[in-house]
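> How does the following fold in three dimensions:
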Amino acid sequence: MLSFYQTKYRTFEMLFIGLLSFSISICKAQDYELPSAEPKNNQIIIGGDYNYPPYEFTDSSGKFTGYNVELSQEIATVMGLNIKIKLDAWESIRDQFDRGEIDILQGMAATPERTDIYNFSPHTYVNHSIFARDDSPKISDYTQLGGYRVIVQANGSAFDMLNESNLNIILIQVETHADALRLLSSGRYDFAVVSNLPGLYLSKKLGLSNITAISSLERNRLYGYATKAGDEALISQFAQGLAILKNTGRQQEIYDKWFGPLKVSPWSKAGIAIGIFIVVLLFISTIVIIWNKALRKKVESRTNELQAQQLQLLHADKMASLGVLVSGVAHEINNPCSILTLNFPFVKEVFEQTAEVLDEHQSLHGDFLIAGVGYNRLRNMLPEILDDMHVASNKVKGIVEDLKSFAVKGETAHEKTERLDLNELTSRSLRLVSNQLKNSTSNVEVNLANKLPTFYGSGSRIEQVIVNLILNACQALEDKSQKITITTYFHAKYDCVVFTIEDQGVGIDAKNLIKLTDPFYTTKRQSGGTGLGLSVSAGIVRDHQGKITFKSTLGQGTKVKLSLPLIQKENEL
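The predicted structure follows:
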């Protein structure tokens, strides 16, 4: 048998070899393929621009690097993905992506035109700037570019925007941002429109001192991962991985590494290097301390090991849940925020400033068209549009508050002081999800009881529950001919108002019914489901002293019943 010290020496030797192998594996990044349990034919091809620093580029040694590259590698590690990064000219990458030869892009601006054909999971923002020489014509914004020769990257978002602007701009397409800036600096053409940070980065690196950014082309635009519209599962994997990196702080570290030098002194690189060195030393020291402690306490070693593993598993599960949570929240917030940012300011300004003038014009010349809609009809539509956008803003606030309430137990509950009409909440919810209903079924039956009694509660929270139940019913349908039935009524015996929704969808296995309101339980994980909706909804209903029940038969459909008691305020009793 080996002596105690021989055993101790051999254990330390094996630990050192393991650490050395771990360090070597980190350094192997030239081919940018990360090992995975998946077979080779499941490799995910990630595309990007080879000259778009500091986001993604090929350095002087031919190595792929940049913020996007490092972020993709980290996501692949935490999600266990087998990836291969491919950088080329942006026009070529876009062409390969559209042909299906590339699975996902690690950096694409989410323009309105692109969101119709691609799924996005943003990780930062980009904006474009107009660069000019010292002797370029004097302009103040992009609307004055008409008639000038403007250099842009081929197939980029700036090209798409300017090409569709109807400003009669002469667009000169080049392969990279660096080509655009070099041409401008050499005296050819009038202006260049490139992404702001890469433009500043490249002009400094190339020593182009006679050009400068004079105006922004647009406000900050979301920028991040993109897949084809039908590939929700892949974009969901990257969204979850990105959420985990955000919660652990790793994404911020990568961001600071690549964008910090543009804002801080050169000493930051030395600080990062020192910090990494200290972290490595602390990591090794921690392992040595744990190892020595395990040797001194042989009796407790196995117990401590199991406890440490359990804590690690709990922590990993918590982080994964938080990642899914953030991904789900981003998806939930996207639609109402889009309504607000794209429609509300414009419609409000038109309605307030032109209503009187348009009314007078109509009285003199009769009905006329605005944006293809008769003014008589539009005059009635605008108030409803404004109401819907107001409802959407309240929905955003409600979602965020629900997350805070779910994550931090014991916080002050939502005020339940509104006098609510269940029929009104149901009608409003139906308007918000009308598009999903239209896409899911052609057979919807709505039966609202006459003159339901009102009750006190939080309107936005009850509305969130109803919306969630309707969306779940839509997702359960397999054919548009299948029916959804929505009913409201008053239950006199129990003094409560009731909302029911019944679908003819796939149904739920009886053994899974009791799990429906468990946090993070879902059967739709691969398609981006978070398992949070019914859990949050059940909490809202309990907070209103109500009850939610489920009845389902596999292959025949599901019926959900929401009961809310008519609780009165104390001063009205």
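
> Show me the strands in the stretch 351-500 of the chain, by range?
In the stretch 351-500 of the chain, strands defined by DSSP state E, counting those that start in this stretch lie at 369-370, 373-374, 418-420, 443-447, 455-457, 483-491, 496-503, listed in chain order.

> Redo those strands as TSV? Include mean pLDDT, distance to residue 392 and mean neighbour count.
(C-beta placed from N, C-alpha, C; glycine too.) Formatted as TSV, the entries for the strands of the stretch 351-500 of the chain read as follows, by pLDDT from 0 to 100; distance: least, Cβ to Cβ, whole Å; neighbours: other Cβ atoms under 10 Å:
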stretch	mean pLDDT	distance to residue 392	mean neighbour count
strand 369-370	80	23	12
strand 373-374	82	21	12
strand 418-420	88	18	16
strand 443-447	93	21	13
strand 455-457	90	20	22
strand 483-491	95	21	18
strand 496-503	95	21	22
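
> first to last residue in stretch 135-144, what's the distance?
Distance between the boundary residues of stretch 135-144 (Cα to Cα, to the nearest Å) amounts to 16 Å.

> Go through it and flag the buried ones.
136, 139, 142 (16 or more other Cβ atoms under 10 Å).

> what do you get for stretch 127-135?
Residues of stretch 127-135 classed as buried under the neighbour-count rule (16+ other Cβ under 10 Å) are 128-133.

> and that stretch, what's its mean pLDDT?
Model confidence over stretch 127-135 averages 89 on the pLDDT scale.

> So for residue 238, what's the nearest residue that isn't a sequence neighbour?
Closest residue in space to residue 238, ignoring its immediate chain neighbours: residue 225 at 4.8 Å, by Cβ to Cβ, 6 or more residues apart in numbering.

> What does the pLDDT read for residue 311?
Here, the pLDDT recorded for residue 311 equals 55.

> my bad, should have said residue 227
In the predicted model, residue 227 carries a pLDDT score of 94.

> so it makes contact with residue 100?
No. At 10.9 Å, residue 227 does not count as touching residue 100 under the criterion of Cβ atoms under 8 Å.

> So between those two, which is more surrounded?
A direct count of neighbours by other Cβ atoms under 10 Å for residue 227 and residue 100 places residue 227 higher, at 23 against 9.

> before we move on, the earlier item: make a markdown table out of the strands of the stretch 351-500 of the chain and add distance to residue 355.
Rendered in a markdown table, the data for those read as follows (distance: least, Cβ to Cβ, whole Å):
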| stretch | distance to residue 355 |
| --- | --- |
| strand 369-370 | 12 |
| strand 373-374 | 15 |
| strand 418-420 | 30 |
| strand 443-447 | 32 |
| strand 455-457 | 35 |
| strand 483-491 | 35 |
| strand 496-503 | 37 |
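
> among these, which is nearest residue 561?
Ranking the strands of the stretch 351-500 of the chain by their distance to residue 561 (criterion: Cβ to Cβ) puts strand 496-503 first, at 5.0 Å.

> Validate this expectation: residue 114 resides in a helix.
Yes. Under the criterion used here (DSSP: H, G, I helix; E, B strand; the rest coil), residue 114 sits inside a helix.

> That one and residue 551, how far apart?
Taking Cβ to Cβ, to the nearest Å as the criterion, residue 114 is separated from residue 551 by 43 Å.

> what's the answer for residue 448, then?
Counting by Cβ to Cβ, the gap between residue 448 and residue 551 amounts to 21 Å.

> repeat for residue 89
Look at residue 89 and residue 551: by Cβ to Cβ, they are 58 Å apart.

> Likewise for residue 63?
For residue 63, the distance to residue 551 equals 59 Å [Cβ to Cβ].

> Please say which of the two ends up with more neighbours.
Legend: neighbour count by other Cβ under 10 Å for residue 63 and residue 551, higher for residue 551 (15 against 12).

> Leaving out the residues flanking it, which one is nearest to the more buried one?
What sits nearest to residue 551 in space, not counting adjacent residues and going by Cβ to Cβ, 6+ apart, is residue 559, at 4.8 Å.

> Thought residue 502 was touching the one you found, still the case?
Yes. The criterion here is Cβ under 8 Å, and residue 559 meets it with residue 502 at 4.2 Å.
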